[in-house]
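>>> take a look and give me a structure for this.
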Amino acid sequence: MQTKTCFLIFALLWGVHSIYAAHIWQSDTISTDILSNDSLPTIPDSLLRASRLQLDSVIPVDTLKDQDAMVVGFDEDEMLLRMVAQQGEDIRQRDSLVRDSLLNDLYAQERQLEKQLQGVRDSILNLRANEIAQAAFSDSIARLQHLQDSVAQEMAKEKRAGQITVTKSLIKDTEEDMKDMKRNRKNIYSPWRMDALVQLQMAQSYISKNWYQGGNEFNLNILSVLKGNINYSKDNLIWENLGEWRTGFANTPGDTLRLFNTNDDLFRIYSKAGYQIAKNLYISASADLRTSIWDTWKANTYNRKTAYGTPTRFNIDIGLDYKPVKDLSIVLAPASYKLVHALQTDSTITVTDYGIPAGKDILNDVGSSMRVKYKYTPLREIVLETEFYINYTYLKHTLEVDWQTTCNFVINRFLTTRITLHPRYDSSYKPNGATKAKIQFKEMLSIGFSHTFR
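Okay, here's the model as predicted:
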């Protein structure tokens with residue numbers, strides 16, 4: 001019975017479908033292109049069977065017997081078409097989601113591969129840079145080796161020819177630089193700094209007639225200089241020590257009694273200690289001792305201007321030491337003690353020329369002072385040193401100003417040109433019975449042997 005019923009329903013559905021298809025074919029409102037095989041997708045048999053099963057489950061067979069076959073057939077086809085369209089839409093949405101997911105995965109993989117590729121590129125660039133740097137270093141080594149070989153060849157030629165040239169001097173300078181580097185490395189662990197300067201030079205000088213040590217205006221002379229520094233610096237404590245000995249002998253064209261005379265004579269010891277109380281500021285105490293060694297004669301007489309220990313000048317200054325930059329020191333001393341002593345006081349020496357009262361051999365006074373020291377080295381071959389000192393006494397109301405500037409031009413490690421400018425003023429120095437003190441001036445240009453020991 002059920003089989004017959006199903007067969008009857010299927011026959012009714014097929015008849016309704018045929019009538020409805022013929023009606024659609026003849027309709028003017030629907031284009032035949034829409035139902036063409038090219039535009040309408042083929043519905044698989046499995047999908048049709050599934051749709052019919054769903055329809056059977058929704059509409060019972062007994063109900064279909066009581067209703068009009070045309071109406072039932074029409075509703076069933078419309079439902080089938082809607083279900084097919086909905087399932088097609090679901091399939092397209094699922095395909096779209098799958099496609100988007102696959103694309104996102106592909107994009108993520110592409111970005112990851114790009115990062116890996118960039119890392120490989122960076123590694124290649126680094127390797128290339130290292131190769132270039134290594135090649136440049138090898139190149140430099142090769143050039144240095146070639147230069148060293150060339151220098152060795154030049155030295156061999158010079159040795160065979162018996163000549164000394166600038167090449168050898170440059171090699172010595174290089175060796176000296178290496179020694180400086182070793183000394184600097186050693187100095188890191190030691191608070192002491194020591195150096196010494198030795199000079200023996202031929203010089204031309206101008207000395208004013210009223211220079212306190214005597215001399216002639218223009219002359220040629222021999223100058224020797226021995227100068228040493230011993231300095232200590234650790235934590236907040238500094239201690240600077242200087243020893244200097246200068247001796248110069250010059251011809252005396254205006255003196256009929258002698259051919260040579262002393263025109264530069266100085267033995268000096270200077271020491272300064274300081275304790276740091278603020279940035280670049282120290283409390284300091286310094287002592288400066290200056291004296292003469294050789295006799296200096298007044299022209300065409302047997303009277304001496306200076307002698308051994310005459311005059312001896314001694315200053316003690318207590319104040320503040322300001323060091324704003326390297327190699328610059330500014331000392332302001334509101335408490336300063338000045339001593340001038342004449343060791344020899346015979347009739348051939350006039351002690352009043354040194355500010356010492358007549359009949360005495362010593363002068364004591366207190367006052368204030370300022371001392372400025374600066375060393376400037378713009379180039380390795382140029383060293384400029386200047387020292388300015390001013391002292392005012394409270395009791396005698398005397399003023400002493402001394403400013404010495406020396407510039408050394410290094411030709412090579414053993415040859416130097418030296419220029420010295422030395423103006424000074426001492427209100428207590430009135431030679432030959434003069435009523436007014438005048439500015440004294442000394443200039444010296446020298447060239448010759450010079451070497452620094454460290």
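
>>> every contact and neighbour count from this point should use C-alpha atoms.
OK.

>>> the stretch 301-450 of the chain: strands as residue ranges?
304-306, 312-322, 328-341, 362-379, 382-393, 399-412, 415-426, 440-453 (DSSP state E, counting those that start in this stretch).

>>> among those strands, which is nearest residue 142?
Comparison of the strands of the stretch 301-450 of the chain against residue 142 by CA to CA identifies strand 399-412 as nearest, at 28.0 Å.

>>> who does the closest one pair up with?
Sheet pairing of strand 399-412 (DSSP bridges) gives strand 382-393 (antiparallel), strand 415-426 (antiparallel).

>>> just send those back as TSV, with distance to residue 148 too.
Formatted as TSV, the strands paired with strand 399-412 follow (distance: least, CA to CA, whole Å):
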stretch	distance to residue 148
strand 382-393	28
strand 415-426	25
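
>>> wait, which of those strands is closest to residue 206?
Smallest distance to residue 206 across these (CA to CA): 9.8 Å, for strand 415-426.

>>> please save the CA atoms from that closest one in CSV.
Output of strand 415-426 as CSV, limited to C-alpha atoms (Å, rounded to 0.1, in the frame of the first residue of the first chain):
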residue,chain,number,x,y,z
LEU,A,415,117.2,70.6,17.7
THR,A,416,115.0,73.5,18.9
THR,A,417,114.5,77.2,18.3
ARG,A,418,113.7,79.2,21.4
ILE,A,419,112.3,82.7,21.7
THR,A,420,112.1,84.5,25.1
LEU,A,421,110.4,87.8,25.9
HIS,A,422,110.9,89.0,29.5
PRO,A,423,109.6,92.5,30.6
ARG,A,424,109.7,93.3,34.3
TYR,A,425,109.2,96.3,36.5
ASP,A,426,110.4,96.9,40.1
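
>>> kindly reformat the strands of the stretch 301-450 of the chain as JSON lines containing distance to residue 269, mean neighbour count and mean pLDDT.
Output for these, formatted as JSON lines (distance: least, CA to CA, whole Å; neighbours: other CA atoms under 10 Å; pLDDT from 0 to 100):
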{"stretch": "strand 304-306", "distance to residue 269": "19", "mean neighbour count": "24", "mean pLDDT": "88"}
{"stretch": "strand 312-322", "distance to residue 269": "10", "mean neighbour count": "21", "mean pLDDT": "96"}
{"stretch": "strand 328-341", "distance to residue 269": "15", "mean neighbour count": "20", "mean pLDDT": "95"}
{"stretch": "strand 362-379", "distance to residue 269": "15", "mean neighbour count": "17", "mean pLDDT": "94"}
{"stretch": "strand 382-393", "distance to residue 269": "15", "mean neighbour count": "18", "mean pLDDT": "95"}
{"stretch": "strand 399-412", "distance to residue 269": "16", "mean neighbour count": "17", "mean pLDDT": "93"}
{"stretch": "strand 415-426", "distance to residue 269": "19", "mean neighbour count": "19", "mean pLDDT": "93"}
{"stretch": "strand 440-453", "distance to residue 269": "19", "mean neighbour count": "18", "mean pLDDT": "90"}
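
>>> residues contacting residue 320?
Applying CA atoms under 8 Å, 6 or more residues apart in numbering, we find residue 320 in contact with 281-284, 331-333.

>>> residue 312 now?
Shown in contact with residue 312 (CA under 8 Å, 6+ apart): 289-292, 339-343.

>>> for residue 120, see how far away it is.
81 Å (CA to CA, to the nearest Å).

>>> could you do residue 413 as well?
Counting by CA to CA, the gap from residue 413 to residue 120 is 55 Å.

>>> which one's more surrounded, those two?
Counted by other CA atoms under 10 Å, residue 413 and residue 120 do not tie: residue 413 has more neighbours, with 16 against 12.

>>> what separation do you get for that one and residue 200?
In terms of CA to CA, residue 413 sits 14 Å off from residue 200.

>>> equivalent analysis for residue 302, please.
Distance from residue 302 to residue 200, by CA to CA: 29 Å.

>>> so between the two, which is more surrounded?
residue 200 (20 against 12).

>>> ok, that one touching residue 225?
Yes: counting by CA atoms under 8 Å, residue 200 touches residue 225, with 6.6 Å between them.

>>> so how many other residues sit close to residue 357?
There are 12 residues near residue 357, going by other CA under 10 Å.

>>> can I get the CA coordinates of stretch 246-259 in CSV?
Taking C-alpha atoms only, stretch 246-259 is exported to CSV below (Å, rounded to 0.1, in the frame of the first residue of the first chain):
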residue,chain,number,x,y,z
ARG,A,246,120.0,79.2,33.3
THR,A,247,123.5,80.5,32.3
GLY,A,248,124.4,82.7,29.4
PHE,A,249,127.6,84.4,28.3
ALA,A,250,127.7,87.1,25.7
ASN,A,251,130.3,89.3,23.9
THR,A,252,130.7,92.8,25.1
PRO,A,253,131.4,95.1,22.2
GLY,A,254,130.9,98.2,24.3
ASP,A,255,133.2,97.1,27.2
THR,A,256,136.9,97.7,26.8
LEU,A,257,137.9,95.7,29.9
ARG,A,258,136.5,92.3,29.0
LEU,A,259,135.4,90.3,25.9
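
>>> elements contacting the one helix or strand residue 150 maps to?
According to DSSP states H and E, residue 150 maps onto helix 69-161. Contact here means 3 or more CA pairs under 8 Å, 6 or more residues apart in numbering; DSSP states H and E; on that basis helix 69-161 packs against helix 2-26, helix 45-58, helix 166-187.

>>> could you give the mean pLDDT of the longest one?
Right, helix 2-26. In this model, helix 2-26 has a mean pLDDT of 60.

>>> and if you look at the second one?
Averaged across helix 45-58, the pLDDT comes to 48.

>>> residue 291 and residue 346, how far apart?
Counting by CA to CA - residue 291 and residue 346 are separated by 18 Å.

>>> who has more neighbours out of those two?
More neighbours surround residue 291 than the other of residue 291 and residue 346, with 23 against 11 (other CA under 10 Å).
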